[in-house]
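[1] the following comprises the amino acid sequence and a computationally predicted model.
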Amino acid sequence: MYSHPTNTQLTTWLSRLVQIPSVTPDQAGPRAGEPGEAAMSAAVARWFAAFGGEVHHHEILPGRSSVYAIWRGAKGDAGRWLGVDVHTDTVGVEQMTDPPFDGRMAHGRVYGRGAVDTKASLAVVLALLEAMHSAGIQPQDNLLIAATVDEETGATGAPGFADWLGARNLVLDELVVAEPTGCTPVHGHKGLVRVEFTAHGLTAHSAQPHLGRNAITAGARVALAMEAEHDRMQTLPARALGIPQLTVAMMHGGHGRNVVPDRCTVAIDRRVVDGEDPLEVTARLIALAQAASPLPITTEIWRQITAFYQPADSGLVTRMAAWSGQTPTVAPYGTNAWAYGDVTRQRIVLGPGSIDQAHGAVEWVEIAELEKLAGIFAHWWGLPVR
Ligand SMILES: [Zn+2]
């Protein structure tokens, strides 16, 4: 007999998870405790196994393993594949004014780093798996829960999971990427291209500038060409995710007040919308930079991330909207969802709590939000919901 997780069970799971520090190593300071996701991955793997999951460890970076677990559904091969990607890392805690890892319950909330971003979703998943296991019931469809590392800084966990799925020819019918959306189905967000252009000139004494070639004035032309590209894009019709944006984010160059500069680097952040190919966007930016600069240009590519867009009338989006009572929307921030275009049929971003509390000096999630997600996932997994 299935009994749905109580609020106490949900909050107990979340407190437990918050009490295991899993600060991303890049942001680990003296208060971070045991940094990294290793302790979280080990605990999650134990729980997954205890609840009947078929557990797979996937080392993404040295000492940083994602954990995937599969529960085969009652429908066997006829069943769909439903997946959840929930990242196990958190941002740093040095800036927190609140105890980062006590996981206390107060004012109808659970507090601590990761409470909302995004251990809340993992807590709900674990509580549901525990309830199913205790009742001896199998999900109707196949479930695959991925507790992925390295979302907050390197963003290698999601492409790692996508590769793992691809290597098994496994395409998930539906994937929920867990992030705090107030349980609103988020069905799209922009992607990203980050490139740096370096103009290469020739240094000389500034009393004889004609003997040099000034890389800063060349870099300035590149920067202005990029601004013109931004302005041009603002006149284009908006796509579902809006209009692409471009920011000239950084510029470095010069050696001294009396030296013709031989190098200048211009860093570009270009937000990508649906229907755009990041490789084509990059190629266009390179062509514009080369055309604008009187000096040779080299390019360093930092990021090429495609936009994520799931049409609002997709089955997964409309069902999640009905179960959550929230109108689907698109997000201004990025998530792991970008990585799964080739290994999912439908995907959304959804999870309890507000992004407003994520990464903050005080982090918390409302217990009512955990309860809400438990209800949504129970519907999704075909569990007997009250
Ligand atoms: Zn997150």
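    Received the coordinates, thanks. Numbering: from 1, shown residues only.
[2] remind me which residues of this structure are low pLDDT?
    Along the chain, segments meeting pLDDT under 70 span 386.
[3] thought residue 326 was touching residue 186?
    No. Checked against Cβ atoms under 8 Å, the pair residue 326 and residue 186 is beyond contact range at 9.8 Å. Quick note: C-beta positions are derived from backbone N, CA and C, even for glycine.
[4] how about the residues of the stretch 101-250 of the chain by the ion?
    Applying Cβ under 5 Å from the ion, we find that the stretch 101-250 of the chain lies next to the ion at 117, 118, 179.
[5] let's have those residues in JSON lines, adding distance to residue 379 and neighbour count.
    Shown next, in JSON lines, are those (distance: Cβ to Cβ, whole Å; neighbours: other Cβ atoms under 10 Å):
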{"residue": "117", "distance to residue 379": "24", "neighbour count": "27"}
{"residue": "118", "distance to residue 379": "20", "neighbour count": "28"}
{"residue": "179", "distance to residue 379": "20", "neighbour count": "29"}
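[6] dump the residues you listed to TSV, plus secondary structure.
    Listed next are these as TSV, based on DSSP: H, G, I helix; E, B strand; the rest coil:
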residue	secondary structure
117	coil
118	coil
179	coil
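[7] residue 18 contacts residue 103, correct?
    Yes. Contact criterion Cβ under 8 Å: residue 18 and residue 103 qualify, at 3.5 Å.
[8] overlap in contacts of these two?
    110, 111, 112, 115 (Cβ atoms under 8 Å, 6 or more residues apart in numbering).
[9] want to throw the residues you listed into CSV with neighbour count and secondary structure?
    Supplementary listing: these in CSV, determined by neighbours: other Cβ atoms under 10 Å; DSSP: H, G, I helix; E, B strand; the rest coil:
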residue, neighbour count, secondary structure
110, 31, strand
111, 24, strand
112, 27, coil
115, 31, coil
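[10] for the ion, state which of those residues is nearest.
    residue 115 (11.5 Å; Cβ to the ion).
[11] contacting residues around the closest one?
    Applying Cβ under 8 Å, 6+ apart, the residues near residue 115 are 14, 18, 103, 109, 353, 357, 363, 364, 365.
[12] take those and keep only those in helices.
    By the criterion of DSSP state H, membership of the contacts of residue 115 in helices covers 14, 18.
[13] between all of the shared contacts of residue 18 and residue 103, which two are separated the most?
    Spatially, the most separated pair among those is 110 and 112, at 7.0 Å (Cβ to Cβ).
[14] shared neighbours of these two, anything?
    Both residue 110 and residue 112 are contacted by 15, 18, 103, 104, 364, under the criterion Cβ under 8 Å, 6+ apart.
[15] partner residues bridging the last one?
    Each beta-bridge partner of residue 364 is listed here: residue 111, as defined by DSSP bridges.
[16] distance of the spatially most central residue of the chain relative to the ion?
    With distances taken as Cα atoms, centre = their mean, the residue of the chain nearest its centroid is residue 335 (2.6 Å). Distance of residue 335 to the ion, computed by Cβ to the ion, to the nearest Å: 7 Å.
[17] quick one, helices of the stretch 1-150 of the chain?
    Taking DSSP state H, counting those that start in this stretch as the criterion, the stretch 1-150 of the chain carries its helices at 7-18, 38-50, 119-135.
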